[in-house]
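**Q** Structure here, sequence nowhere to be found:
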Ligand SMILES: NS(=O)(=O)c1c(F)c(F)c(SCCc2ccc(C(=O)O)cc2)c(F)c1NC1CCCCCCC1
Ligand SMILES: [Zn+2]
């Protein structure tokens, strides 16, 4: 997109000179200190509708130089858990390298191997470009990825195509599948806070939901994720995570004790 391409995870200090919101007081990601979260029993289970897509529905998968993005149809709707309805825009991943973890959010200082973000916009606005400049404009669902036993069949639907989009700007088509399979089965246990996009323009317009349950991928799948895509400087695209940001007094809510 316009202006996105010249920033990098190496020169984080310049983000706020080019994009003023990046220096704001409601930035993401954050560290979740579980001793400081506020148990909020009124937080409802997250409900996903229309997430199961037929294989006939082709989805665009792109290496945009900063991550791998799967465009999502607006038919995917986020209903429970938020006061208003949100519709899907895209999903993407953040990861580390063979020698280190790369989730964006951390829990009690622990960084997980990787993190998925499913980005939605509030349907009271006409489009996500309009929504993303309003404080209640965006809702992002986040889940941590770790190495476990056996391949994850849902992540396989994306990871098996990474070789087709190794270079920046390359895109391919992926047959539809149940996108909900990329997120935990238990959508009741999550942290919730108000924050921002973790990339320029860093708009402070995201209601974040970070699930407590972690997704498990095989070791081979995780190594595919961290060592396939190339970045603009033709190195491996790795460590595409922003350091955690100061809470500046924000409270993190938890739907569980
Ligand atoms: N964690 S996050 O949600 O803030 C996030 C990142 F951390 C991201 F790193 C990204 S990718 C970087 C932004 C970008 C670059 C190029 C293109 C393109 O060529 O199409 C598109 C986007 C990325 F796309 C997103 N999500 C986007 C934020 C960018 C602008 C609005 C689009 C929806 C959400
Ligand atoms: Zn993200």
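**A** Structure received. Source: prediction; values computed, not measured. Ligands and ions are numbered 1, 2, ... in the order given.
**Q** Is the one residue sitting closest to the centre of the chain part of a helix or strand, or is it coil?
**A** Ranked by distance to the mean C-alpha position of the chain (CA atoms, centre = their mean), the top residue is residue 117 at 1.6 Å. Following DSSP: H, G, I helix; E, B strand; the rest coil, we place residue 117 in the strand state.
**Q** cool, and residue 91?
**A** Under three-state DSSP, residue 91 comes out as strand.
**Q** what about it, neighbour count?
**A** 24 (other CB atoms under 10 Å). (Glycine included, C-beta is placed from N, CA and C.)
**Q** for the residue nearest to it when sequence neighbours are not counted, what are its contacts?
**A** Distance criterion CB to CB, 6 or more residues apart in numbering; nearest residue to residue 91, sequence neighbours excluded, is residue 118 at 4.4 Å. By CB atoms under 8 Å, 6 or more residues apart in numbering, the contact set of residue 118 is 72, 88, 91, 140, 141, 142, 179, 182, 183.
**Q** filter these down to the ones near ligand 1?
**A** Among those, the residues within reach of ligand 1 (CB under 6 Å from any ligand atom) are residue 140.
**Q** Run a quick neighbour tally on residue 216.
**A** 17.
**Q** Residue 148 is in contact with that one, correct?
**A** Yes. Between residue 216 and residue 148 there is a contact at 3.0 Å, judged by CB atoms under 8 Å.
**Q** on that earlier part again, would you show me how to pick out the buried ones of the contacts of residue 118 in ChimeraX?
**A** Here is the ChimeraX selection string for the buried members of the contacts of residue 118, based on 16 or more other CB atoms under 10 Å:
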select :72,88,91,140,141,142,179,182,183
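**Q** circling back to that earlier point, if the residue nearest to residue 91 is in a bridge, with which residues?
**A** Beta-bridge pairing for residue 118 (DSSP bridges): residue 91, residue 141.
**Q** pLDDT score for it?
**A** We have a pLDDT of 98 for residue 118.
**Q** And it, how far from residue 240?
**A** Distance of residue 118 to residue 240, given as CB to CB, to the nearest Å: 17 Å.
**Q** and what of residue 40?
**A** From residue 40 to residue 240 the distance is 31 Å (CB to CB).
**Q** Just confirm residue 196 contacts residue 29, I think it does.
**A** No. With contact defined as CB under 8 Å, residue 196 does not reach residue 29; the gap is 9.0 Å.
**Q** Now residue 213: closest residue in space, sequence neighbours ignored.
**A** The spatial neighbour of residue 213 that comes closest, neighbours along the chain excluded (CB to CB, 6+ apart), is residue 184 at 3.6 Å.
**Q** what about that neighbour, how many neighbours?
**A** Residue 184: 19 surrounding residues under other CB under 10 Å.
**Q** Tell me if residue 45 really is in a helix.
**A** No. Secondary structure of residue 45 (three-state DSSP): coil, not part of a helix.
**Q** check contacts around it.
**A** Contacts of residue 45 (CB under 8 Å, 6+ apart): 80, 81, 187, 188, 255.
**Q** same thing with residue 237?
**A** Per CB under 8 Å, 6+ apart, neighbours of residue 237: 63, 65, 66, 67, 229, 230, 231.
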